[in-house]
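S.K.: Sequence unavailable; structure follows:
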């Protein structure tokens, strides 16, 4: 059965805008995205998705864990991040239309956090916000059948991938198939569905925008619950995707060239340098642009600075 939703003028307008932006991204960005930027976007994805669930680790701590460094923090929070790192590194191993892959991903994501990791729940659940019950999930006996229908919709429907990804995300949250980890699985699986047609979504951290608009995220789920169809949630999520692409393109237009320059420069094998050394390689640069490049390199953890003003030296890590 096809899950209930309507295709509204707002949805059509958003799809048109998203398609246009994806075309621009593919033409101008994807092939040029540096490994460092990909890493930064992956960190933002993990940070935002887990912060929504109450994780307290910072982006710096997540970066350290990705680099196999020791981090001091709540054991549960560290384990959540380590699990998420493993899952996102293996995204291409999961099949978006397979419930077995879905359960395998949940097992990895929640391993050591709950006893029933990788298994559908065996009890009734409700979602409580404050003192109010926001949502009563379907009886646990119905979960395997409902999830089977949802994966059949993914496999068999001719619907646009953009819409299918939103529908799956909403319907999975409504079914609430697990005792814990439903939110992060919904966001993970939407990413995986989108990646099958648009590779850029592997490194597009739209979770960052969900994190910044959490009230709207939960409101869109609640309104869709009340209306008995996912239309409102689809509109919300497509809006998030559009804004994320817009942010990516703005970032691309602003700093992509300096990232390219920095990577070219570091590939020369230079381990220690100053701004003059940098400008000798890129003779057309103004001193202000060179300074901006070097500041960006420090922000991206490509190298560190020692000294002040004209005596500043940069040391490659």
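M.R.: Structure received. Nothing here was measured: the structure is a model prediction, and the numbers come from that model.

S.K.: got a list of what residue 171 touches?
M.R.: 3, 150, 230 (C-beta atoms under 8 Å, 6 or more residues apart in numbering). Where you see a C-beta, it was placed from the backbone N, CA and C, and this is true even at glycine.

S.K.: From what I see, the first one and residue 153 are in contact.
M.R.: Yes - here residue 3 lies in contact with residue 153, judged by C-beta atoms under 8 Å, at a distance of 6.2 Å.

S.K.: Can you check which residues contact both of the two?
M.R.: Contact criterion C-beta under 8 Å, 6+ apart; residues shared by residue 3 and residue 153: residue 167.

S.K.: if we can go back for a sec, PyMOL command for the buried members of the contacts of residue 171?
M.R.: Applying 16 or more other C-beta atoms under 10 Å to the contacts of residue 171, the buried members can be selected in PyMOL as follows:
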select buried, resi 3+150+230
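
S.K.: Restricted to helices, list the contacts of residue 171.
M.R.: residue 150 (DSSP state H).

S.K.: which of the contacts of residue 171 lies closest to residue 93?
M.R.: Compare each of those with residue 93 using C-beta to C-beta and the shortest gap goes to residue 150, at 20.9 Å.

S.K.: mind checking how far the closest one is from residue 74?
M.R.: Here residue 150 is placed at a distance of 33 Å from residue 74 (C-beta to C-beta, to the nearest Å).

S.K.: host element of residue 315?
M.R.: Residue 315 belongs to strand 313-316 when assigned by DSSP states H and E.

S.K.: Pull up the pairing partners for that strand, direction included.
M.R.: strand 272-273 (antiparallel), strand 303-306 (antiparallel) (DSSP bridges).

S.K.: Any buried residues in that strand, and which?
M.R.: Within strand 313-316, the residues scored as buried using 16+ other C-beta under 10 Å are residue 314.

S.K.: residues making contact with that strand?
M.R.: Contacts with strand 313-316, where a contact means C-beta under 8 Å, 6+ apart, come from 266, 270-274, 278, 294, 297-298, 302-307.

S.K.: Give me the buried entries from those.
M.R.: Buried by 16+ other C-beta under 10 Å: 266, 273, 274, 278, 294, 297, 302, 303, out of the contacts of strand 313-316.

S.K.: pretty sure the fifth one is in contact with residue 275, am I right?
M.R.: Yes - using C-beta under 8 Å, residue 294 is in contact with residue 275, at 6.3 Å.

S.K.: I'd like to know how many residues surround residue 201.
M.R.: As a burial measure, residue 201 scores 24 neighbours (other C-beta atoms under 10 Å).

S.K.: hang on, it packs against residue 187?
M.R.: No - look at residue 201 against residue 187 with C-beta under 8 Å: they stay out of range, at 11.4 Å.

S.K.: Please enumerate the shared neighbours of the two.
M.R.: Residues touching both residue 201 and residue 187 (C-beta under 8 Å, 6+ apart): none.

S.K.: what about residue 47, which SS state?
M.R.: helix (DSSP: H, G, I helix; E, B strand; the rest coil).
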